[in-house]
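Colleague: here is the input, now give the coordinates:
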Amino acid sequence: MKWPYQNQSEAWVTNKMQACPANQHQEIIPAERPEDLYQRLMSFIEDNLLLANRNISHHGEVPGSDEEMSPTLESLVVLTCLRLVHPDLLSLVKQRCSTELLSKSLASLKPQITQALDSLLE
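Modeller: The predicted structure follows:
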C-alpha cells in the first residue's frame with residue numbers, strides 16, 4: 001500500500017492540507033477558548049498518527065510500531081493554535097519569550113503562554 005499522497009500532484013496535496021481543520025479559519029468555533037482549540041488540534045493530530053496495525057506505509061515502509069507525537073510536531077500544534085487565536089500572537093510570544101525560546105521548545109512554553117494569553121492580547 002502506498003502513502004496516500006504519493007504520486008499526487010502538488011496542487012492536490014495543497015488542497016488536502018488546506019482542508020485540514022487546523023488550516024481553516026472558518027473551522028474555529030467563535031466562542032471556543034484557546035485551550036479548547038489546542039486540545040481539538042492535538043486530538044486531530046493524535047488521531048492521524050501512523051499505527052502499525054493499519055498497514056499504512058510511509059515512503060514504502062509500514063511502521064513497526066505506533067507513531068508517537070514528536071516534540072517538533074507538538075510545537076507545530078502550538079504554533080498553529082497561536083496563529084488561529086490571533087494572527088499577531090506568535091510575534092508577541094517571540095518578543096515576550098525570546099530568551100526562553102533559545103533553550104526550550106515552543107510546546108514546552110505552552111503553559112507559560114497560556115497563563116500570559118490575556119496580557120499578550122491586550
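
Colleague: chain neighbours aside, what residue packs nearest to the most centrally placed residue in the chain?
Modeller: Per C-alpha atoms, centre = their mean, the C-alpha nearest to the average position across the chain is that of Val77, at 2.2 Å. Distances taken as C-beta to C-beta, 6 or more residues apart in numbering place Leu41 nearest to Val77, at 5.1 Å, with adjacent residues excluded. Backbone N, C-alpha and C define where each C-beta goes, glycine included.

Colleague: isn't the one you found right up against Leu79?
Modeller: No - if you go by C-beta atoms under 8 Å, Leu41 and Leu79 don't touch, sitting 10.2 Å apart.

Colleague: the two - which one has more neighbours?
Modeller: Leu41 (20 against 16; other C-beta atoms under 10 Å).

Colleague: what backbone torsions are found at that one?
Modeller: Here is the backbone geometry of Leu41 (degrees, to the nearest 10): phi -70, psi -40.

Colleague: how near is it to Pro111?
Modeller: Applying C-beta to C-beta, to the nearest Å, the value for Leu41 to Pro111 is 16 Å.

Colleague: before we move on, what about Pro87?
Modeller: Applying C-beta to C-beta to Pro87 and Pro111 gives a distance of 23 Å.

Colleague: what of Glu61?
Modeller: 36 Å.

Colleague: repeat for Leu73
Modeller: According to C-beta to C-beta, Leu73 stands 18 Å off from Pro111.

Colleague: between the two, who's got more neighbours?
Modeller: Leu73 (15 against 9).

Colleague: hmm, Met42 and that one touching each other?
Modeller: No - the criterion here is C-beta under 8 Å, and Leu73 misses it with Met42 at 9.8 Å.

Colleague: what about the protein, any weak spots by pLDDT?
Modeller: 1-30 (pLDDT under 70).

Colleague: now the helices for it?
Modeller: 10-19, 34-47, 71-85, 89-96, 110-120 (DSSP state H).

Colleague: deepest-packed of those, please.
Modeller: Most buried of these by mean neighbour count (mean count of other C-beta atoms under 10 Å) is helix 71-85; its value is a mean of 18.

Colleague: any idea of the angle that helix forms with helix 110-120?
Modeller: In terms of direction (axes from the mean of the first three to the mean of the last three C-alpha atoms, to 10 degrees), helix 71-85 departs from helix 110-120 by 20 degrees.

Colleague: fine by me, we can end here.
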